[in-house]
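[1] starting from these lines, generate the structure:
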Amino acid sequence: MSSFKVFDIAGSGLSAQSVRLNTVASNLANADSVSGDPNKVYKARHPVFEALRATTTPKDGDAAVRVNGIMENQAPPSARYEPGNPLADSQGYVYAPNVNVVEEMVDMISASRAYQNNVEVLNTSKELLLATLKLGQ
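    Predicted coordinates for the structure are as follows:
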């Protein structure tokens, strides 16, 4: 395995965590939105990652993290009785998204730290490669 593959692996990790941070931001931005129809209310989204393993032959693929897709949370929305709300249905209910703000904040912190760890891997690899080049001087 080439010494430069670590940059590809860490870069794929950075990209995956960036997708994760963006979905968390979208969930938090829509946490307070409501709808009069439970089928049209915002549903929390979460990325699905896949770890790709490096094989012994370079043509078979490299190690990386890939985002397989973004899945919607299937938990039902919460109904709130607000008959004065202009979005309320005929029974006076509005429906709030199934976004748990505390879980989203924890997920954001976790994604942020994973992103920082990948940046540290890139920096350390760069320093090691530069130190290796200086050995010949």
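
[2] in the protein, where's the longest helix?
    Assignment by DSSP state H gives helix 101-134 as the longest helix of the chain.

[3] residue ranges for the strands of this protein, please.
    Assigned by DSSP state E, the strands in the chain fall at 45-52, 64-72, 78-81, 93-96.

[4] still on that earlier bit, from the chain's centre, how far out does the longest helix of the chain sit?
    Offset of helix 101-134 from its chain centre (Cα atoms, centre = their mean, to the nearest Å): 15 Å.

[5] quick one: that helix to strand 45-52, angle?
    Note on geometry: by axes from the mean of the first three to the mean of the last three Cα atoms, to 10 degrees, helix 101-134 and strand 45-52 are set 30 degrees apart in direction.

[6] in helix 101-134, which residues are buried?
    Neighbour counts over helix 101-134 (16 or more other Cβ atoms under 10 Å) mark 104, 107-108, 111, 114-115, 118, 121-122, 125 as buried. (Each C-beta comes from the backbone N, C-alpha and C, glycine too.)

[7] circling back: export the strands of the chain to a markdown table and tack on mean neighbour count and distance to residue 131?
    Shown next, in a markdown table, are the strands of the chain (neighbours: other Cβ atoms under 10 Å; distance: least, Cβ to Cβ, whole Å):
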| stretch | mean neighbour count | distance to residue 131 |
| --- | --- | --- |
| strand 45-52 | 14 | 29 |
| strand 64-72 | 14 | 26 |
| strand 78-81 | 13 | 56 |
| strand 93-96 | 21 | 54 |
